[in-house]
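*Asks:* attaching a predicted model along with its sequence, questions to come.
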Amino acid sequence: MSQITHNLMQVKQRLELAAEASKREPEEIELLAVSKTFPARDVEEAMHAGQTAFGENYVQEAVEKITLLAKLRPWLVWHFIGPLQSNKTKEVAEHFDWVHSIDRLKIAERLSAQRSEFPDLADLQVCVQVNVSEEDSKSGVSMSEAEDLCNAIAKLPKLTLRGLMAIPASTLDASSQHQAFAAVRECFNQIKAKHLNDIGYEFFDTLSMGMSADLESAIAEGSTMVRVGTAIFGKRDKITL
Ligand SMILES: *Cc1c(COP(=O)(O)O)cnc(C)c1O
């Protein structure tokens, strides 16, 4: 069995145990394999092991990979999870299925307009990134701003609002980490409760949180999608893009 196949099985087991521990169904939690810095052949290998959803951070690297794997495109779901600059939205609108990292209306408006240029493509599925640790270095809107941004995105054509994404600071101890994830879940639940019957909120069901090191606490606090890189593909070399 290949290393990636083995790692995937282990991560799925962690996911199942974490779900069980919080009395949730493992099926409620999707595994996103973060393949940034790893070559197309690693994605292919993971796909042969049954993985179909992949996350990427760097537009140029991702588009090269997606293009290399064009033949497999119908079976793959590509998620953009990195910081997104205005001058890169066009490529993201053309090549991705999801974007997790929306933190400004301008980016959402550009994605909406540019996705509309591809009538054959389904809506781009989007999450608003919230800055849970309120650090200057991390992107994302504050939790108090998240609702307004969601409301604005809900009205945009060719985008489907799916939920919230968060990356708590990696320096937090276990209990602060739990608190951070719980705060995002509360924010998500409040927005959902308030807008349950609003147009544009029909598919608001995604809490994208948890990575290799903290997926257990994220799942305990309600994550519906964990983004796992290192535990599947191995340690990353620093990328210079
Ligand atoms: C790199 C990255 C991940 C994966 O992190 P690991 O610690 O390698 O699992 C998840 N989410 C985002 C936004 C990332 O940039």
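*Replies:* Looks like it arrived, so ask away. Worth saying up front: this structure is predicted, and the values here are computed from it rather than measured.
*Asks:* any figure for the gap between the nearest residue in space to residue 88 that is not next to it in sequence and the ligand?
*Replies:* Spatial nearest neighbour of residue 88, chain neighbours left out: residue 59 (4.3 Å); criterion: Cβ to Cβ, 6 or more residues apart in numbering. The way it works is simple: take the backbone N, C-alpha and C, and place the C-beta from them, glycine included. Using Cβ to the nearest ligand atom, to the nearest Å, residue 59 is found at 13 Å from the ligand.
*Asks:* residue 59 reaches residue 93, doesn't it?
*Replies:* No. Counting by Cβ atoms under 8 Å, residue 59 stays clear of residue 93, with 10.8 Å between them.
*Asks:* what does this protein put close to the ligand?
*Replies:* Taking Cβ under 6 Å from any ligand atom as the contact definition, the chain meets the ligand at 34, 36, 57, 81-82, 167, 211-213, 227-231.
*Asks:* let's see it at 8 Å
*Replies:* Proximity of the chain to the ligand (Cβ under 8 Å from any ligand atom) is limited to residues 32, 34, 36, 55, 57, 81-82, 100-101, 165, 167, 211-213, 227-233, 236.
*Asks:* ok so, going back, contact partners for the residue nearest to residue 88?
*Replies:* Counting by Cβ atoms under 8 Å, 6 or more residues apart in numbering, residue 59 touches 80, 82, 84, 88, 91, 92.
*Asks:* please list the members of those residues that lie in strands.
*Replies:* In strands, judged by DSSP state E, the following of the contacts of residue 59 are found: residue 80.
*Asks:* out of the contacts of residue 59, give me the two with the largest separation.
*Replies:* Spatially, the most separated pair among the contacts of residue 59 is 82 and 91, at 12.4 Å (Cβ to Cβ).
*Asks:* more crowded one of the two?
*Replies:* More crowded of residue 82 and residue 91, by other Cβ atoms under 10 Å: residue 82, with 20 against 16.
*Asks:* wait, doesn't that one sit right on residue 58?
*Replies:* Yes. With contact defined as Cβ under 8 Å, residue 82 reaches residue 58; the gap is 6.1 Å.
*Asks:* center of this protein - which residue?
*Replies:* residue 100 (4.4 Å; Cα atoms, centre = their mean).
*Asks:* what about that residue, which SS state?
*Replies:* Following DSSP: H, G, I helix; E, B strand; the rest coil, residue 100 is assigned to strand.
*Asks:* sorry, back to before: identify the contacts common to residue 82 and residue 58.
*Replies:* By the contact definition Cβ under 8 Å, 6+ apart, residue 82 and residue 58 are jointly contacted by residue 36.
*Asks:* helix or strand right after the longest helix seen in the chain?
*Replies:* Ranked by residue count, the top helix of the chain under DSSP state H comes out as helix 174-195. Next helix or strand after helix 174-195 toward the C-terminus (DSSP states H and E): strand 206-208.
*Asks:* what's that next one packed up against?
*Replies:* If you count contacts as 3 or more Cβ pairs under 8 Å, 6 or more residues apart in numbering; DSSP states H and E, strand 206-208 packs onto strand 159-166, helix 174-195, strand 225-228.
*Asks:* can I get those in TSV including mean neighbour count and mean pLDDT?
*Replies:* Shown next, in TSV, are the helices and strands packed on strand 206-208 (neighbours: other Cβ atoms under 10 Å; pLDDT from 0 to 100):
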stretch	mean neighbour count	mean pLDDT
strand 159-166	25	98
helix 174-195	17	96
strand 225-228	25	98
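*Asks:* now the ones you listed in a markdown table, with distance to residue 67?
*Replies:* Converted to a markdown table, the helices and strands packed on strand 206-208 look like this (distance: least, Cβ to Cβ, whole Å):
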| stretch | distance to residue 67 |
| --- | --- |
| strand 159-166 | 23 |
| helix 174-195 | 34 |
| strand 225-228 | 22 |
